[in-house]
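1. Would you be able to build a 3D model of this:
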Amino acid sequence: TPVLTIAPGDVVTVETLDAFGGAIKTEDDLPSEVLNMPFVNPQNGPIAVEGAEKGDVLAVYVHSLLPRGPQPEGTDSLIPSIGALVADSNLMLNAPIPERVKKMEVTPEGGVKFSDRVTLPYEPFVGTMGVSPEIEAVSSLQPDYWGGNMDCPDVAPGAIMYFPVQREGGYFYIGDCHGRQGDGELCGVAVEIPATVTVQIDLIKGWAIPGVRLETEDMIMSLGSARPMEDAARMAYRDLVRWMVEDYGFQEAEAYFLATQAGKMRVGNMVDPKYTMGASMLKSFIEQ
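-> Predicted coordinates:
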């Protein structure tokens with residue numbers, strides 16, 4: 001049941017929990033003891049949009065993303081069987097990686113205080129955002145054509161996200177905000193923060209797209225989620241080429257050539273049930 005129903009173009013402010021639902025409060029809290037897996041990555045929603053139906057697109061503009069709550073509000077952790085450089089201890093004879101929690105102060109002005117030695121810039125983004133699938137019951141940990149847990153750092157203030165509506169109302173959801181993250185979300189956890197996010201949700205009628213797209217002032221990006229990783233990359237580049245053909249007047253072969261020579265590939269996550277890759281092209285190369 002929707003928690004909110006809005007008109008196209010409405011601005012919504014959301015107060016999200018971190019990916020752990022606030023359960024990891026100190027560096028002494030072990031994830032295996034305080035988390036109820038797989039019930040993590042809580043989402044706000046669903047938000048229904050009046051008039052949205054299958055064959056339409058929700059366009060979501062990210063206005064702002066600010067950390068909220070007491071410091072240190074950023075959380076990183078090493079969790080058994082999670083991460084790109086660990087064996088799955090449920091399948092392998094290897095011992096699980098030792099658990100550890102890292103807490104960090106996160107402010108827009110001061111950045112992410114990673115340690116006494118290192119302070120990183122505050123580069124916030126939304127890790128999980130999407131619409132309801134048509135028939136599947138899916139985990140919020142999984143990304144796919146509906147969006148989901150893509151963990152792509154480009155889903156940041158100033159970006160417009162395009163989601164293909166799968167059911168009446170769209171049923172948009174949002175959560176899992178990050179203070180920053182490197183490409184791939186290597187250990188499986190970014191700088192997880194509770195946040196206040198402001199988005200504007202609009203509706204584009206009759207625009208059938210196969211999956212998630214992203215646009216900023218400078219570039220367009222198609223996102224693909226799959227395993228193995230090369231399939232996610234193929235999905236992203238295929239849609240980027242078709243986007244260039246449909247909306248920018250390229251012949252398919254020319255778009256394929258240009259993507260080969262000027263396309264960029266972003267690794268969103270390489271740890272989730274499906275990996276996410278983003279294929280992008282600068283607008284300066286394709287706009288006339």
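2. hey, let's count contacts and neighbours off CA atoms from now on
-> Will do.
3. could you point out which element follows the lowest-mean-pLDDT helix or strand in the chain?
-> Of all regular secondary-structure elements in the chain, judged by mean pLDDT, DSSP states H and E, the least confident is helix 31-34 with a mean of 94. Toward the C-terminus, helix 31-34 is succeeded by strand 43-49 as the next helix or strand (DSSP states H and E).
4. Sheet-wise, list the partners of that next one with their directions.
-> Under the criterion DSSP bridges, strand 43-49 sits next to strand 4-6 (parallel), strand 172-178 (antiparallel) in its sheet.
5. now the ones you listed as TSV including mean neighbour count and distance to Gly184?
-> Listed next are the strands paired with strand 43-49 as TSV, based on neighbours: other CA atoms under 10 Å; distance: least, CA to CA, whole Å:
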stretch	mean neighbour count	distance to Gly184
strand 4-6	15	33
strand 172-178	27	13
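6. In CSV: these, plus distance to Val271.
-> Shown next, in CSV, are the strands paired with strand 43-49 (distance: least, CA to CA, whole Å):
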stretch, distance to Val271
strand 4-6, 32
strand 172-178, 15
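7. distance between the strand or helix carrying Thr196 and the chain's centre?
-> Thr196 is part of strand 195-204, with elements assigned from DSSP H and E. When C-alpha coordinates are averaged (CA atoms, centre = their mean, to the nearest Å), strand 195-204 and its chain have centres 14 Å apart.
8. Pull out the buried residues from the very next helix or strand once past that strand.
-> On the C-terminal side of strand 195-204, the closest following helix or strand by DSSP H and E is strand 213-215. Neighbour counts using 16 or more other CA atoms under 10 Å place Arg213, Leu214, Glu215 of strand 213-215 among the buried residues.
9. any idea which of the residues you listed is closest to Ser225?
-> Proximity of the buried residues of strand 213-215 to Ser225, judged by CA to CA, is greatest for Arg213, which lies at 11.9 Å.
10. Check which helix or strand the residue lying closest to that closest one once chain neighbours are set aside maps to.
-> For Arg213, the nearest residue in space outside its immediate sequence neighbours is Ser222; the separation is 4.6 Å by CA to CA, 6 or more residues apart in numbering. If you go by DSSP H and E, Ser222 is part of strand 219-226.
11. next helix or strand past that strand?
-> The element immediately downstream of strand 219-226 (helix or strand, assigned by DSSP H and E) is helix 229-248.
12. Could I get the buried residue list for the helix or strand that that following helix is followed by?
-> Where DSSP H and E defines the elements, the next helix or strand beyond helix 229-248 is helix 252-262. For helix 252-262, burial by neighbour count (16+ other CA under 10 Å) applies to Ala255, Tyr256, Leu258, Ala259.
13. Same question for stretch 12-24.
-> Neighbour counts over stretch 12-24 (16+ other CA under 10 Å) mark Glu15, Thr16, Leu17, Asp18, Ala19, Phe20, Gly21, Gly22, Ala23, Ile24 as buried.
14. same thing with stretch 88-99?
-> Applying 16+ other CA under 10 Å to stretch 88-99 flags Asp88, Pro96, Ile97 as buried.
15. Quick check: the second one touching Ser89?
-> Yes - A contact is recorded between Pro96 and Ser89 when judged using CA atoms under 8 Å, the distance being 5.3 Å.
16. Check the contact lists of these two and give me the overlap.
-> Counting by CA atoms under 8 Å, 6 or more residues apart in numbering, the shared contacts of Pro96 and Ser89 are Pro80, Ser81.
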